[in-house]
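Colleague: I'd like to go over a predicted model; first the sequence, then the structure.
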Amino acid sequence: MPLEAQEMQGLVNSNYAGLSGVIMNPSSMADSKLYLDINLITADAFYQTDKTNNAFANFRLNGPEFMINAGKSAFALIDAARTAISYRATDVNSTVGNGESYQAMHVAGLAWGEIGLAYAYQFYRAEKSIWSGGLTLKYLSGAGGAYFTNDNTGYTFNSSIPSSR
């Protein structure tokens, strides 16, 4: 049973994105349709696999955060707890000897927290043109990280029984 959902990428580009837009583009606050945005909690979980030997997972928990749009300037206080995990495996088959099969495996994971201040300013506005700039300064705090690699996971099958062919 396949599952489908909308990833954060679909939310961050809206004129009503508010704090969600700051993730990708802090200058989006300068033209936000929201005067005030208060986020108590937001969760984002993402998993991707190519159904063979590669996978990636990401989890993000934001909040509490707030943003205020004051004319040409906008300010935000943002924070998040994040994790990212990747898995990659490579099959290496050999016909040497009685048959060998190896799989190289690589797993990596990180966990960190971040807190930051974002500022955006609208320099120019005409009929259909808006020029704005934004900046986010973050403090990152590593919670942990791990990496595992194994290039020799495998087996060898030796048989003294003659084949029936």
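Modeller: Arrived safely, thanks for sending. Residues are numbered from 1 along each chain as shown.
Colleague: going forward, measure contacts between C-alpha atoms and count neighbours the same way
Modeller: OK.
Colleague: middle-most residue in this protein, spatially?
Modeller: The centroid of the chain falls nearest to residue 58 when counting by Cα atoms, centre = their mean (4.7 Å).
Colleague: name the next helix or strand downstream of the helix or strand encompassing it, please.
Modeller: Using DSSP states H and E, residue 58 falls within strand 54-62. As assigned by DSSP H and E, the chain's next helix or strand after strand 54-62 is strand 65-70.
Colleague: quick one: contacts of that following strand?
Modeller: For strand 65-70, the surrounding residues in contact (Cα atoms under 8 Å, 6 or more residues apart in numbering) are 18-19, 29-30, 32, 34-40, 74-79.
Colleague: so whichever helix or strand comes after it versus strand 65-70, what angle?
Modeller: Using DSSP H and E, the next helix or strand after strand 65-70 towards the C-terminus is strand 73-94. Relative orientation of strand 73-94 versus strand 65-70 (axes from the mean of the first three to the mean of the last three Cα atoms, to 10 degrees): 140 degrees.
Colleague: wait, what's in contact with the residue nearest to the centre of the chain?
Modeller: Residue 58 is in contact with 44-47, 82-85, counting by Cα under 8 Å, 6+ apart.
Colleague: please enumerate the helices of the chain.
Modeller: 19-22 (DSSP state H).
Colleague: so where is it shaky, pLDDT-wise?
Modeller: For the chain, applying pLDDT under 70 flags the ranges 1, 3-10, 91-102, 152-165.
Colleague: in it, which spans are strands?
Modeller: Ranges of strands in the chain, per DSSP state E, are 36-39, 42-49, 54-62, 65-70, 73-94, 100-125, 130-156.
Colleague: relative to residue 11, which of the ones you listed is closest?
Modeller: strand 42-49 (11.2 Å; Cα to Cα).
Colleague: and for the closest one, what's in contact with it?
Modeller: With contact meaning Cα under 8 Å, 6+ apart, strand 42-49 is reached by 7-8, 55-63.
Colleague: and residue 146, how many neighbours?
Modeller: 10 (other Cα atoms under 10 Å).
Colleague: and the contacts of strand 42-49, which are buried?
Modeller: Neighbour-count burial (16 or more other Cα atoms under 10 Å) is assigned, among these, to 8, 55-56, 58, 60-63.
Colleague: what bridges to the residue nearest to residue 119 when sequence neighbours are not counted?
Modeller: Nearest in space to residue 119, with sequence neighbours left out and distances taken as Cα to Cα, 6 or more residues apart in numbering, is residue 75 at 4.7 Å. Taking DSSP bridges, one obtains residue 68, residue 119 as the residues bridged to residue 75.
Colleague: list the contacts of residue 75.
Modeller: Contacts of residue 75 (Cα under 8 Å, 6+ apart): 29, 67-69, 117-120.
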